[in-house]
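In: could you look at this predicted model? Sequence included:
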Amino acid sequence: MLREGQATAIQRADYQAPAWWIETVDLAFDLDPAKTRVLNKMRIRRNPDVPAQALRLDGDELNLARVMVNGGGSSFKMDGNQLVLENLPEGHEPLDLEIFTTCSPIQNTKLMGLYVSEGTFFTQCEAEGFRRITYFLDRPDVMAMYTVTLRASKNDYPVLLSNGNLVDEGDLDDGRHFAKWVDPHKKPCYLFALVAGKLVAREQKIKSRAGRDHLLQVYVRPGDLEKTEHAMNSLMHSVAWDEARFGLSLDLDRFMIVATSDFNMGAMENKGLNIFNTKYVLASQSTATDVDFANVESVVGHEYFHNWTGNRITCRDWFQLSLKEGLTVFRDQEFSMDMAGTPSARAVKRIEDVRVLRTVQFPEDAGPMAHPVRPDSYIEINNFYTVTIYEKGSEVVRMQHNLVGRDGFAEGMKLYFDRHDGSAVTCDDFVQAMADANPASPLTQHLQQFKRWYSQSGTPLVKASGQYDPTACTYTLTLSQSCAATADQPEKLPFVIPVEMGLLGQDGAALPLQLQGEAVTSSSHTLVLTQAEQTWVFANVAQAPVPSLLRGFSAPVVLEYDFSDAELLTQLAHDTDAFNRWEAGQRLALRYALQAIRTQGEVASDVMPAAFISALRDVLRHPTLDAAYKDLVLTLPSESYMAEQLEVVDPQRIHAVRESMRQQLAVALQADWAWAFDAHSDTGAYRPDPVSAGRRSLTGSALLMLCLAARDSSDTLWPGKTYQRFKDAGNMTDRFNALSALVYSGATLAQPALERFHALFRNEPLVIDKWFSLQAGACDRGGNVLPAVKQLLKHPDFSLKNPNRARSLIFSYCSANPGAFHRADAAGYVFWSDRVLELDAINPQVAARLARGLDRWRKLAEPYRTAAREAIARVAAKPDLSNDVREVVTRALG
Ligand code: ARG
Ligand code: ZN
């Protein structure tokens, strides 16, 4: 329940154009950690298109000293957090407005606005942080030209950065100096940034395809310079890729990335001055894993691509967030796939992306925070930087890509920029451009209906059934769709669902596809499902086929088809679509898991039948499949994915079944794992490319399996070998995989290995994060994880104020280790509520993320359900909660 005086929901339907425009902003900062002075001179003008209104400027935790209009004093009043100017001169002449405020960056633990991290000033303004720096029209549709002057102690803050070009710098009195920056592009204030501190930069001069010279810089703390090569390479690749694939060039002379270890999210696309969490910049072979390297490449790409999709064309209001985020995630996913190169490496990336969508976004869509890709209302916008906006948003763009084709998509992008460059627009504007550029496409034909992907929440369910007629040699495929009511919307209308499919013979060979009355279309075809139910007839089908449906995961839906085990084994052995080949294995594993979960009594040790184990052995031993792909096929569906398939969830039962299945795989394939380890463990000189990374990930899984198998036989050979590999590893991936194998298998050597690891990397914060996270994510044996986590809370290296560290310990336990978190004694939930409350007083954004950890409490079996509700209610009972956490827990209980 919302109490009186608390924030109410903002509605998309209430959007109104701003009554005033801000044309230019001239900001002068006197930087001081305790008290920074900000002089903000704006040239403003009434918007002639809307009725005259007072000027209402947003502010948050500011000290206001002075307001002047056209050089003279002005009357003003405060309305809550807003500064209201009612008696401004009439007419449409521009006015000069000057506002002088101070703020205290050192006390800013929310990490929104201007804050200090390890002695360096940083800003984070998206979504509504600029109002914590000065009074402003803090909304993305107000775009202005910025000039910024920074003044600070030269000794303490030798580097002074802001957006755009450095036009002047020099020394001042008292050991201070200044720098003046002018951004040549107009921008919304959420893209403003400044950085001031002791930093060093890796620099690279490049010439673009268009022939323009640019300076690229990656700024870090002095000791970290040698960890920036990969980020710089990723940035150069991003620049080249956007030119090659979309004809989009860098529009700035200088492009800067700066890393900070205190950051709420991954990174931020401020114009020309991206600010990154160190986690997504720093990478060296001795401190970063292959996954870290891949993440750096993808986040550097993501932020760089925002320069066009987000910055040049921005969002009209925050309901349109997916306009820039969904599209930019699509672009970074494509970038990573293009960089990966081979079809197999592309498929691996696709599978990884779909896994995130299904294990995180599908539950979001089915839970209390369900919202459309373009939400209709919110209380706290920071709560809507979600997997739905980002990952589902990307899938919605991907469907458009598939419906208009690769070239058609490029045409659509061109039209989008022709129409909207330099403005703040809506999701509708994007789809309209895509459709108008491709008049003959199915997207255009079904445009209004396609837009339901933006307005309706929930995951559609597609049911398929097939009928083979041996006399007529026809195969009739029927697809039907439905979408269950979600927490936010009772009624759903049919979606436009592209279903890419093929048919396999019983021996696995691809059959030619010929829709009745049409020509043969090769072996893969996209059916566009628009009705509640539709039927397609394929002609000249020589034998009863095995349908391969939703290839490449062509739409973000759940696909149900009554496959026999034999049909799935055929797909697992032969499907030419790498995604569906993997999917067949996942379907089988899930099927056996669910059977065992639903069966009463002791969990069997042979949950999976021999035929499936042997099919998995064939994949593991396959002569030509990539190691990375094999590793994905041999990885069981996660506990949270299993939970989503059930009406009532007993987390301990799920955990026990999955553990038993993993043990079965470890023991039954012991010799094969040993072979896999020997065959893949030498990857030569370290390079983070997908092929050698795949070999390392398969070797890591093999070690874990061999350590697990050793538990059954109390053999010490493999734990010993694993410890040796941990000690001798030449890179972090091998070292960390070996350490994880010892920890997850509960080996006696885990403890000495953890101690050694900490001693080796005590001065590497990102590695110490891994050390915390590994222990918090360990496999629970007799309830041992929670006491360990509580002990680690007291470790001198732990700090709740640093988001990376808080995530590494607390989120790894509460949100990523269901087997240890859901305790029958409710101690996990009590721990969770304590941490949510504690964090909320420091950093509401991070606290609200943690608060999402019990979103799915309603599905839990007793005694978990009641205990979880009590824990949420305990959080909700606190009177002075942030809007962030209040919105999450209110929805959870609602
Ligand atoms: N626009 C950033 C990105 O996705 C995310 C920033 C979100 N920040 C926030 N405080 N909610 O690249
Ligand atoms: Zn983004």
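Out: Everything's here; your move. Ligands and ions are numbered 1, 2, ... in the order given.
In: show me what from the stretch 151-300 of the chain comes close to ligand 1.
Out: Residues of the stretch 151-300 of the chain found near ligand 1 (C-beta under 6 Å from any ligand atom) are 264-265, 267-269. In this view, the C-beta of every residue, glycine as well, is placed from N, C-alpha and C.
In: please flag which of these sit within strands.
Out: Here DSSP state E is the test, and these give 267-268 as lying in strands.
In: could you export the residues of the stretch 151-300 of the chain next to ligand 1 as a markdown table, including neighbour count?
Out: As requested, those are exported to a markdown table (neighbours: other C-beta atoms under 10 Å):
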| residue | neighbour count |
| --- | --- |
| Asn264 | 19 |
| Met265 | 18 |
| Ala267 | 23 |
| Met268 | 24 |
| Glu269 | 23 |
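In: now pLDDT too, for the residues of the stretch 151-300 of the chain next to ligand 1, in a markdown table please.
Out: Below are these laid out as a markdown table (pLDDT from 0 to 100):
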| residue | pLDDT |
| --- | --- |
| Asn264 | 98 |
| Met265 | 98 |
| Ala267 | 99 |
| Met268 | 99 |
| Glu269 | 99 |
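In: redo the residues of the stretch 151-300 of the chain next to ligand 1 as CSV? Include distance to Ala676.
Out: As requested, these are arranged in CSV below (distance: C-beta to C-beta, whole Å):
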residue, distance to Ala676
Asn264, 40
Met265, 37
Ala267, 36
Met268, 41
Glu269, 41
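In: considering the residues of the stretch 151-300 of the chain next to ligand 1, which is situated nearest to Asp825?
Out: Minimum distance to Asp825 across these is 32.6 Å, recorded for Asn264 (C-beta to C-beta).
In: how close does the residue of the stretch 551-700 of the chain found nearest ligand 2 get to ligand 1?
Out: Per C-beta to the ion, Pro556 is where the stretch 551-700 of the chain lies closest to ligand 2, at 18.7 Å. The gap separating Pro556 from ligand 1 is 19 Å, by C-beta to the nearest ligand atom, to the nearest Å.
In: that residue belongs to a helix?
Out: No. Remark: Pro556 does not belong to a helix; assigned using DSSP: H, G, I helix; E, B strand; the rest coil, it is coil.
In: name the nearest residue to it, sequence neighbours excluded.
Out: Counting by C-beta to C-beta, 6 or more residues apart in numbering, Pro556 lies nearest to Glu395, which is 4.1 Å off, once chain neighbours are set aside.
In: where's the host helix or strand of that neighbour relative to the chain centroid, distance-wise?
Out: Using DSSP states H and E, Glu395 sits within helix 393-420. In terms of C-alpha atoms, centre = their mean, to the nearest Å, the centre of helix 393-420 is found 21 Å from the chain centre.
In: list the buried ones in that helix?
Out: Neighbour-count burial for helix 393-420 flags 393-404, 408-409, 411-413, 415-417, 420 (criterion: 16 or more other C-beta atoms under 10 Å).
In: can you tell me which residues contact Val281?
Out: 218, 220, 227-228, 231, 257, 259, 296, 300 (C-beta atoms under 8 Å, 6 or more residues apart in numbering).
In: then Gly502?
Out: 510-511, 513, 523-525, 547-548, 551, 576-577.
In: repeat that for Thr388.
Out: Contacts of Thr388 (C-beta under 8 Å, 6+ apart): 361, 364-365, 370-373, 457.
In: so who does the residue nearest to Pro556 touch?
Out: By C-beta under 8 Å, 6+ apart, the contact list for Glu395 reads 326, 357, 555-556.
In: filter those residues down to the buried ones, PyMOL style.
Out: A single PyMOL command selects the buried members of these (16+ other C-beta under 10 Å):
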select buried, resi 326+357+555+556
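In: re the thing from before, from the residues of the stretch 151-300 of the chain next to ligand 1, which is closest to Arg696?
Out: Of all these, Ala267 has the smallest distance to Arg696: 25.5 Å, by C-beta to C-beta.
In: now that closest one, nearest residue through space, not along the chain?
Out: Leaving aside its sequence neighbours, Ala267 sits nearest to Phe276 (C-beta to C-beta, 6+ apart; 4.1 Å).
In: same question for Asp575.
Out: Arg581 (4.1 Å).
In: surely the one you found is within a strand?
Out: No. Counting by three-state DSSP, Arg581 falls outside a strand, being helix.
In: quick check: it touching Leu568?
Out: No. Counting by C-beta atoms under 8 Å, Arg581 sits too far from Leu568 to count as a contact (10.3 Å).
In: what's the spacing between the closest residue to Pro765 other than its chain neighbours and Arg835?
Out: Excluding the flanking residues, the one nearest Pro765 by C-beta to C-beta, 6+ apart is Ser261, at 5.8 Å. Distance of Ser261 to Arg835, computed by C-beta to C-beta, to the nearest Å: 20 Å.
In: for those two, indicate the residue with more neighbours.
Out: Taking neighbours as other C-beta atoms under 10 Å, Ser261 and Arg835 compare with Arg835 leading, 24 against 20.
In: contacting residues for that one?
Out: Here Arg835 is in contact with 800, 810, 814, 850 (C-beta under 8 Å, 6+ apart).
In: closest to Glu644 out of the residues you listed?
Out: Distances from Glu644 to those, taken by C-beta to C-beta, are shortest for Cys814, at 18.0 Å.
In: tell me how many other residues surround that closest one.
Out: Using other C-beta under 10 Å, Cys814 has 24 neighbouring residues.
In: for Gln489, give me its contacts.
Out: Contacts of Gln489 by C-beta under 8 Å, 6+ apart are 370, 372, 456-458.
In: those residues into TSV, with extra columns for secondary structure and pLDDT?
Out: Formatted as TSV, those follow (DSSP: H, G, I helix; E, B strand; the rest coil; pLDDT from 0 to 100):
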residue	secondary structure	pLDDT
Ala370	coil	98
Pro372	coil	98
Gln456	coil	99
Ser457	coil	98
Gly458	coil	98
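In: quick check, nearest of the residues you listed to ligand 2?
Out: Nearest to ligand 2 among these, with distances taken as C-beta to the ion, is Pro372, at 18.4 Å.
In: check the gap between the closest residue to that closest one other than its chain neighbours and Leu800 for me.
Out: The spatially closest residue to Pro372, leaving aside those adjacent along the chain, is Ser457, at 4.6 Å (C-beta to C-beta, 6+ apart). Distance, Ser457 to Leu800, by C-beta to C-beta: 33 Å.
In: pretty sure the residue nearest to Pro372 is in contact with Gly367, am I right?
Out: No. Using C-beta under 8 Å, Ser457 is not in contact with Gly367, being 10.5 Å away.
In: higher neighbour count, those two?
Out: The residue with more neighbours, out of Ser457 and Gly367, is Ser457; 24 against 20, by other C-beta under 10 Å.
In: how much space between that one and Ala484?
Out: Here the criterion is C-beta to C-beta. By it, Ser457 lies 10 Å from Ala484.
In: ok, Val300 next?
Out: Per C-beta to C-beta, Val300 is found 38 Å from Ala484.
In: out of the two, which sits in the busier spot?
Out: Taking other C-beta under 10 Å, Val300 and Ala484 do not tie; Val300 has more neighbours (28 against 11).
In: can you tell me which residues contact the more buried one?
Out: Per C-beta under 8 Å, 6+ apart, neighbours of Val300: 231, 234-235, 238, 257, 276, 280-281.
In: do that again at 6 Å, thanks
Out: 231, 234-235 (C-beta atoms under 6 Å, 6 or more residues apart in numbering).
In: and Glu303, by the same measure?
Out: Glu303 neighbours (C-beta under 6 Å, 6+ apart): 267, 269, 274.
In: hang on, the earlier thing: now, among the contacts of Thr388, which is nearest to Glu61?
Out: Comparing those against Glu61 with C-beta to C-beta picks out His371 as the nearest, at 28.0 Å.
In: count of neighbours near that closest one?
Out: When neighbours are defined as other C-beta under 10 Å, His371 has 25 of them.
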